[in-house]
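Visitor: from the sequence below, what's the structure:
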Amino acid sequence: MNTIDLTPLYRSTIGFDRFGTLLNAALGAEKNSSAGYPPYNIEVVGEDNYAITIAVAGFEESDLEILVENGTLTIIGKQSQSKDDASYLHRGIANRAFERKFTLADHVEITGAELRNGLLKLNLVREVPEAMKPRKIAINGAESVLDHPKTVKAA
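Guide: Numbers count the residues shown, from 1 in each chain. The predicted structure follows:
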């Protein structure tokens, strides 16, 4: 798929440069033949809570690495090469290395990770700083002037 020209968007917006990069990266990820491995779910757990669950059958904790850098979450799986002398009629369980990347929104943090029953679950929370939350601004108008006592000049 071709890249999308976002020039008209940039003419009337400020600070959305990253949006174009994210969109092009998402479109480019579809071309990757291993984009479906390992399978994963992204779940909304609460208003500002999320969970990513990745199927990592056959991987141990020591085989997995979780990194967060510049708003990108990367999960890397590398199994140590063991000499398997088994003779298979069918081998359907993938034991290949993988690297799965997720782009995190601003203020989204990883709060924990656990590996259980072949599923790696990452808990995420969006914590917007107080300075960025909506706030109500009081209007000081004519009423506030009337609240002050009038000064009377002595005769």
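Visitor: hey, where'd the strands end up in this protein?
Guide: 40-44, 49-55, 64-69, 72-77, 98-103, 108-116, 119-126 (DSSP state E).
Visitor: need the contact list for the nearest residue to Phe59 once chain neighbours are set aside.
Guide: Spatial nearest neighbour of Phe59, chain neighbours left out: Gly77 (5.3 Å); criterion: Cβ to Cβ, 6 or more residues apart in numbering. No exception for glycine: its C-beta is placed from N, CA and C like everyone else's. Going by Cβ atoms under 8 Å, 6 or more residues apart in numbering, Gly77 touches 38, 56, 59, 63-65, 97-99.
Visitor: which intervals of the protein have sub-threshold pLDDT?
Guide: Residues of the chain meeting the criterion pLDDT under 70: 1-4, 9-10, 13-18, 24-35, 81-84, 142-155.
Visitor: would you map out the domains in it?
Guide: 1-31, 37-129 (automatic domain parsing).
Visitor: can you tell me which residue is nearest the centre of the protein?
Guide: Leu104 (2.4 Å; Cα atoms, centre = their mean).
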